[in-house]
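Engineer: kindly return the folded structure for what I paste below:
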Amino acid sequence: MTTLERTRDILGELIGFPTVSSDGNLEMIAYLSEQLGQAGAEVTWMTDPTGRKANLFATIGGDGEGGIVLSGHTDVVPVEDQEWSSDPFTMREDRGRLYGRGTCDMKGFIAAALAMAPSFAELDLKRPIHFAFTYDEETGCLGGQHLVRELQEREIRPATAIVGEPTGMRIIEGHKGCYEYETIFTGLEGHGSAPERGVNAVEYAVRYIARLMELQDELKRHTTPANRFNPPWTTLQVGRIQGGNARNTIAGVCTVDWEMRPVRNDDAVFVKSSIEAFRDEVLLPQMRKVCPDADIFTHVIGEVCGLEPADDNEARAILSKLLGDDTADVVPFGTEAGLFQEIGMSVVVCGPGSINQAHKPDEYVALEQLQQCLDMLEGLGEQMTIPRE
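Structural biologist: Model (predicted):
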């Protein structure tokens with residue numbers, strides 16, 4: 001059996017685990033653990049507080065420093081209300097493409113890494129190869145945040161990481177962060193004929209949103225000309241607003257779901273401090289003149305830093321050599337890469353498949369892309385037999 005055939009078989013098994021973020025992933029983690037254990041890896045589970053989900057961290061080549069991490073998330077997005085041509089959790093092959101939920105985002109990369117594990121174990125590695133497979137990337141990179149905390153606490157110090165999100169096997173050296181919030185406005189209900197006697201939560205939510213849009217305009221004006229992102233500024237976006245129960249009743253509660261995707265981590269600090277100052281110095285004093293119990297509270301859904309392009313990036317240098325391509329791009333979508341960079345690792349995003357297929361019905365990855373990934377991983381294994389300079 002060729003490595004590509006083994007990758008295809010493993011991917012079929014992985015697609016069969018319906019690891020939608022709202023559900024658990026322990027069956028898939030158990031499968032990954034068994035496969036990597038059989039290849040000789042040292043395997044560790046990192047279970048979440050609910051006990052229903054876990055990260056897997058495994059190592060081939062000892063516990064030395066300077067290793068490389070092959071990173072992927074195990075969760076997938078839901079399939080409800082999507083029109084699939086076949087069962088999304090049963091992999092289907094057609095004309096060189098493998099169809100199923102998660103084939104490109106991102107179980108294809110995980111399958112390729114798993115298929116290469118026995119070959120890695122046969123090499124005289126001078127630097128370890130680590131496997132990091134996480135939970136809940138799609139809902140805020142919760143597993144990734146858990147993972148990097150554990151690496152720091154255990155003093156595990158890989159030097160580099162490849163996050164195998166679907167990039168068409170292009171090297172990605174930068175992406176924006178993703179910060180998601182739910183802000184709840186609590187006012188005072190009353191009759192619509194006497195608005196001064198109530199605190200209209202919808203009205204204050206609208207003013208809050210207007211301030212967010214002002215901050216976005218300010219960030220646009222200060223965009224660095226050399227910025228390669230599209231759009232080149234930090235974006236702010238309101239996804240949902242819900243409040244009130246009748247047109248003639250002062251709304252007592254309103255909820256706003258919003259996000260920002262910062263180009264620079266400093267932009268996130270600026271937005272958060274500015275909107276908090278507007279809340280504390282302008283909105284809340286006005287609300288509490290009428291109702292002392294009025295409040296504005298923001299729940300943090302997820303705060304994931306971006307991947308900032310770096311002049312000195314060992315991961316980029318390694319992949320450039322292996323792929324024969326010295327170009328590197330930036331993308332607007334987010335990954336777990338910034339988490340690894342934040343703890344001092346050099347990181348790139350590179351994996352099989354296209355982001356244009358991710359999250360859609362009839363998601364697929366091409367066998368040709370998987371073969372390119374396997375070729376890259378084979379070269380990477382050989383690279384890890386050379387001591388780090």
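
Engineer: Asp48 reaches Gly144, doesn't it?
Structural biologist: No: assessed by Cβ atoms under 8 Å, Asp48 is found out of contact with Gly144, at 11.9 Å. In short, each C-beta sits where N, CA and C put it, glycine included.

Engineer: between the two, who's got more neighbours?
Structural biologist: Gly144 (25 against 16; other Cβ atoms under 10 Å).

Engineer: quick check: the more buried one touching Glu336?
Structural biologist: Yes: assessed by Cβ under 8 Å, Gly144 is found in contact with Glu336 at 3.7 Å.

Engineer: which residues do those two both contact?
Structural biologist: Ser71, His73, Thr134, Glu137, Val304 (Cβ atoms under 8 Å, 6 or more residues apart in numbering).

Engineer: nearest to Ala268, of those residues?
Structural biologist: Nearest to Ala268 among the shared contacts of Gly144 and Glu336: Val304, at 10.1 Å, using Cβ to Cβ.

Engineer: distance-wise, check the closest one relative to Val331.
Structural biologist: 14 Å (Cβ to Cβ, to the nearest Å).

Engineer: picking that back up, let me have the shared contacts of Gly144 and Glu336 in TSV, extended by neighbour count and secondary structure.
Structural biologist: Shown next, in TSV, are those (neighbours: other Cβ atoms under 10 Å; DSSP: H, G, I helix; E, B strand; the rest coil):
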residue	neighbour count	secondary structure
Ser71	32	strand
His73	30	strand
Thr134	28	strand
Glu137	26	coil
Val304	24	strand
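
Engineer: which one of those residues is nearest to Gly381?
Structural biologist: Distances from Gly381 to the shared contacts of Gly144 and Glu336, taken as Cβ to Cβ, are shortest for Ser71 (16.3 Å).

Engineer: who's in contact with that closest one?
Structural biologist: Ala132, Phe133, Thr134, Gly144, Ala161, Ile162, Val163, Gly164, Glu336, Ala337, Phe340.

Engineer: Asn313 versus that one, what's the distance?
Structural biologist: Ser71 is 16 Å from Asn313, by Cβ to Cβ.

Engineer: then Glu83?
Structural biologist: Separation of Glu83 from Asn313 (Cβ to Cβ) stands at 41 Å.

Engineer: tell me which of the two has more neighbours.
Structural biologist: Each of Glu83 and Asn313 has its neighbours counted (other Cβ under 10 Å); Asn313 has more, 21 against 7.

Engineer: does the more buried one touch Glu173 like I think?
Structural biologist: Yes: with contacts counted by Cβ under 8 Å, Asn313 reaches Glu173, the gap being 6.2 Å.

Engineer: from Met91, how far out is the residue nearest in space to the middle of the chain?
Structural biologist: Residue closest to the mean C-alpha point of the chain, counted by Cα atoms, centre = their mean, is Thr335 at 3.4 Å. Thr335 sits 24 Å away from Met91, going by Cβ to Cβ.

Engineer: pLDDT weak spots in the protein?
Structural biologist: Within the chain, the stretches with pLDDT under 70 are 225-226.

Engineer: domain parsing for it?
Structural biologist: Listed domain ranges for the chain are 3-175+307-383, 178-304 (source: automatic domain parsing).

Engineer: among those, which is the most enclosed?
Structural biologist: domain 3-175+307-383 (a mean of 20; mean count of other Cβ atoms under 10 Å).

Engineer: coming back round to it: widest-spaced pair of the shared contacts of Gly144 and Glu336?
Structural biologist: Distances among those were taken as Cβ to Cβ; the most separated pair is Ser71 and Val304, at 13.7 Å.

Engineer: where do the contact lists of the two overlap?
Structural biologist: With Cβ under 8 Å, 6+ apart as the test, Ser71 and Val304 both reach Gly144, Glu336.

Engineer: how close does Ile60 sit to Phe133?
Structural biologist: 14 Å.

Engineer: follow-up on the earlier one: right, and the residue nearest to the centre of the chain touches Val349 too?
Structural biologist: Yes: using Cβ under 8 Å, Thr335 and Val349 qualify as a contacting pair, with a distance of 5.4 Å.

Engineer: between the two, which contacts overlap?
Structural biologist: What both Thr335 and Val349 touch, as defined by Cβ under 8 Å, 6+ apart, is the set Val163, Glu165, His175, Leu307.

Engineer: among the residues you listed, which are in strands?
Structural biologist: Here DSSP state E is the test, and these give Val163, His175 as lying in strands.

Engineer: who's in contact with Leu380?
Structural biologist: Ile68, Ile129, Ile162, Ile318, Leu322.

Engineer: looking at the residues you listed, which are in strands?
Structural biologist: If you go by DSSP E, those have Ile68, Ile129, Ile162 in strands.

Engineer: quick one, phi/psi of Asn230?
Structural biologist: Dihedral pair for Asn230: phi -130, psi 110, per degrees, to the nearest 10.

Engineer: how much space between it and Met169?
Structural biologist: For Asn230, the distance to Met169 equals 21 Å [Cβ to Cβ].

Engineer: Val43 belongs to a strand?
Structural biologist: Yes: per DSSP: H, G, I helix; E, B strand; the rest coil, Val43 lies within a strand segment.

Engineer: could I get the contacting residues of the closest residue to it other than its chain neighbours?
Structural biologist: Counting by Cβ to Cβ, 6 or more residues apart in numbering, Val43 lies nearest to Ala58, which is 4.5 Å off, once chain neighbours are set aside. Residues in contact with Ala58 (Cβ under 8 Å, 6+ apart) are Leu32, Ser33, Leu36, Ala41, Glu42, Val43, Thr44, His130, Phe131.
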